[in-house]
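Engineer: After the sequence you'll find the predicted model.
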Amino acid sequence: MKKELLSPAGNMESLKAAVHAGADAIYIGGKSFGARKFASNFDREELKEAVRYCHLYGVRLFITVNTMIYETEIEEVMDYLCYLVELSVDAVIVQDIGLIRLIHEYFPTLEIHASTQLHNYQKSSFDLLEELGVKRVVLAREASLGEIEKIETPLEKEVFIHGAICISYSGQCLFSSQVLGRSGNRGECAGMCRLPYSVVDENQEEILPNQYLLSPKDLCTISHFRKLMESDVDSFKIEGRMKSPAYVYYVTRIYRTLMDQYYEGKNLEISEEEWKNLKLLFHRGFTEGHLFDAKDSNFMNVESPNHIGIDLGMVKSFSKKKIEIVLHEDLHQEDGIRFEANGGGMIVNYLYDQKGKLISHAERGQTVWVDNKVGLSTPSKVLKTKDVKLEQELLHYPLRRVPISFSLSAHVGKSLSASISDGVHQVSLEGEVVQLAQNRPTTREEIKKHFCRVGDTCYEIVDGHFDLGQNIFIPMKALHQLRRDLLSMLTAKRLYREKGKTKPFLPEKNEKFLKKDVKLSCLVRTEEQLLVCISSAFRVYVTDFSLYQKYRETYSNLYYRVDRLTPLSTYHKERLLLTEFCQLPHAKDNEVVTDYYYNVSNRSFLSYLKEHSVTSATLSVECPFSSLITLSSSFDCEVIAYGRLEWMIMKHCLFSSKCSSGNLFCQKNSSFFLKDRNHQRYPLVFQNGVTHLFGPCKDFFSKTEIRSLSSYVSSFRLEFLEESKQEVQRILKKYQEWLQIPEFCDKINTRMVNKK
């Protein structure tokens, strides 16, 4: 089976560009529930037009419904999905497990693709998603091709092959949400990874200079594309719903060409001119990504988070008003340029020659002047970031055609008959009775000329057969009408999709949870913290497995927080805090709580966890206050009340360049922090080449809010990172008072297992 080329579109212009560039499928978003909220996106009428346009050309259309869904939005999103089923969209791309569960139940014929936001990288995730009716899984960008091919599954595999990369595991980034209130899981990411940071130690000494330490290059797999074609990956995805139609067209066309070269047994290659155009349209430097194990400088661009473009020339001189540039490439009025020295970018509205005369363009080797709109005050390399002429040329692309063949029969005294086929669908029709020519008979050339006019339709006749009698006469009007009717019938067949099945939506029952005494849980990272909390908390989660082993027989309220991004181990009759969706099979033989990384924000997800024997679920830290109450009313839920959230988890070590053979810099006896432009410091933890970034330590609710929530929430969690024994005691006491828990340790449900 041939591989699929999947292209992005943020508006109708980009969608058409992707179609005519050779995409097999296109993914777009509606006005709601898509992870690119700030793209133009498609309203309901535009969605209808998009479906028709794609299906006319034999292109599949996928709709992104890949945000975390709040409980208050369930009925709205189900109504939206019902509309998508009526439109006969080919699939929906979904992040929220609760929503996937509902789609599987209420829209059984709607194809589901599990979004990369679900952080899919282990076989156990595939198995769980298969049970939920998912047909395709979009792999986490951190997975290597080797790891992907080791996953044995009947589900289709989809990988990103080109475009922007998230530095944090997708669906696991809280940076934008916690700083600006713009959730990446809700399509509102503010791109905090594209800002400058430095790394300092506990003494404020700068370890890494102020650079774009979290900004990756853009993915480009052209150099390894043959390996992808030879792999078991089913679909190749281009990132770019925020990109221009010219970008979408050109990138799609490049990869279409490579795929065609592969099927034709040719070398997979592109020209130097094509490489240059790719760079001109957009890139931050190219990387082969984690897909091909790129690391360090091959993966990151710490010097600039912006579009680099190509080398345009050098500044020869400058003043407050003008900048003199010696050109290495052609330059046109309205092109975009950037000065490397100060990062300033501008559109060349006015271009001057050596005499100060306005010109519309200049060729490489010439010297030109532009207005100093960027305050340039030092010599600089000049980059070309936009080529107006190239973009205009790309938008005058040749139209894609659907190849068709025909047969036509005309004999005196019989009905004129014809059929048309696109290789999949065939339609036939009879016209009026063919007459004997009274004067001049209708010639074969005349019939071919008039019957084969496809005009501005999407069709192209590539083959035909005539069966013509002698001395026939056919009115040209009859030929035209027969052709129009046949093409209309073929179009109808190409657009037809069997109506999807739906069931009436029945909202989840709000089963009243029997409220118990309010409790505190604690997550600890040291033995000292553990011993302070163990007698005062309903549950204590420890991140060190050796500590868990040391005390698990002594304390029945001690749980092990399963490490993230490590191969799954086998646990039996243990108490576990699960941090990854792929770990959920552990719930079968163990006492299990799920962590906030699961992004639980609706009742359907809670029901799914309950069906999988989960004891308690930690709600998403991005849940609205009202949802915390609603959800906690129906299930044993835990809420984060205090501590440092893990904002990012990265398959990239910031210190890799400072490590020597056998000498890991991060293991020095020091604490490290990421420092932003406002001098705010965020703790960094390095483990096995993975970087964990934590937010500031804080109370997530006021005393009044805690009191209000305590009527519904079963447990409030305190997360400790570097707090001392005295700090842990103080914080525990504060929350005992806030929650009005007198003599807390006397009321605790946990006890020493072996106490006689």
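Structural biologist: In hand now; what should we look at?

Engineer: can we go C-alpha only for contacts and neighbour counts from here?
Structural biologist: OK.

Engineer: since we're on residue 404, how many residues are nearby?
Structural biologist: 20 (other Cα atoms under 10 Å).

Engineer: Revised request: answer the last question for residue 155.
Structural biologist: 18.

Engineer: I'd say it and residue 126 touch.
Structural biologist: Yes: assessed by Cα atoms under 8 Å, residue 155 is found in contact with residue 126 at 7.3 Å.

Engineer: shared neighbours of these two, anything?
Structural biologist: residue 137 (Cα atoms under 8 Å, 6 or more residues apart in numbering).

Engineer: Distance of residue 22 relative to residue 349?
Structural biologist: Distance, residue 22 to residue 349, using Cα to Cα, to the nearest Å: 34 Å.

Engineer: Also residue 217?
Structural biologist: Plainly put, residue 217 is 29 Å away from residue 349 if you go by Cα to Cα.

Engineer: May I have the residues that are in contact with the residue nearest the centre of the chain?
Structural biologist: Among the residues of the chain, the one closest to the centroid is residue 116, at 5.7 Å (Cα atoms, centre = their mean). Shown in contact with residue 116 (Cα under 8 Å, 6+ apart): 95, 137-141, 170-171.

Engineer: Could you do residue 50 as well?
Structural biologist: Going by Cα under 8 Å, 6+ apart, residue 50 touches 12, 15, 61.

Engineer: Can you point out the buried residues in whichever strand or helix holds it?
Structural biologist: Taking DSSP states H and E as the criterion, residue 50 maps to helix 44-56. For helix 44-56, the neighbour count (16 or more other Cα atoms under 10 Å) marks 47-48, 50-56 as buried.

Engineer: Check for me that residue 550 belongs to a helix.
Structural biologist: Yes: checked against DSSP: H, G, I helix; E, B strand; the rest coil, residue 550 lies within a helix.

Engineer: quick one: residue 53 and residue 395, what's the gap?
Structural biologist: 18 Å.

Engineer: how about the strands of the stretch 401-550 of the chain, start to end?
Structural biologist: Here the stretch 401-550 of the chain has its strands, by DSSP state E, counting those that start in this stretch, at 402-410, 415-421, 426-433, 435-436, 459-468, 472-473, 519-524, 539-542.

Engineer: Which strands border the second one, and is each parallel or antiparallel?
Structural biologist: Listed by DSSP bridges, the sheet partners of strand 415-421 and their directions read strand 402-410 (antiparallel), strand 426-433 (antiparallel).

Engineer: ok and the first one relative to helix 44-56, angle-wise?
Structural biologist: Inter-element angle recorded for strand 402-410 and helix 44-56: 60 degrees (by axes from the mean of the first three to the mean of the last three Cα atoms, to 10 degrees).

Engineer: What residues of strand 402-410 count as buried?
Structural biologist: By neighbour count on 16+ other Cα under 10 Å, the buried set for strand 402-410 is 402, 404-406, 408-410.

Engineer: And for the shortest one?
Structural biologist: By neighbour count on 16+ other Cα under 10 Å, the buried set for strand 426-433 is 426-429, 431, 433.

Engineer: Centre of the chain to stretch 245-254, how far?
Structural biologist: Put simply, stretch 245-254 sits 18 Å off its chain's centre (Cα atoms, centre = their mean, to the nearest Å).

Engineer: hey, C-alpha coordinates of that stretch in CSV?
Structural biologist: Extracted C-alpha coordinates of stretch 245-254, given in CSV (Å, rounded to 0.1, in the frame of the first residue of the first chain):
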residue,chain,number,x,y,z
PRO,A,245,-0.3,29.1,1.1
ALA,A,246,3.0,29.4,-0.8
TYR,A,247,4.8,27.5,2.0
VAL,A,248,2.2,24.8,2.1
TYR,A,249,2.3,24.4,-1.7
TYR,A,250,6.0,24.2,-2.0
VAL,A,251,6.8,21.9,0.9
THR,A,252,4.0,19.6,-0.2
ARG,A,253,5.3,19.6,-3.7
ILE,A,254,8.8,18.8,-2.6
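
Engineer: What are the contacting residues of it?
Structural biologist: Applying Cα under 8 Å, 6+ apart, the contact partners of stretch 245-254 are 5, 7-9, 13-15, 17-18, 20-23, 238, 240, 270, 274, 278, 281-282, 391-392, 394-395.
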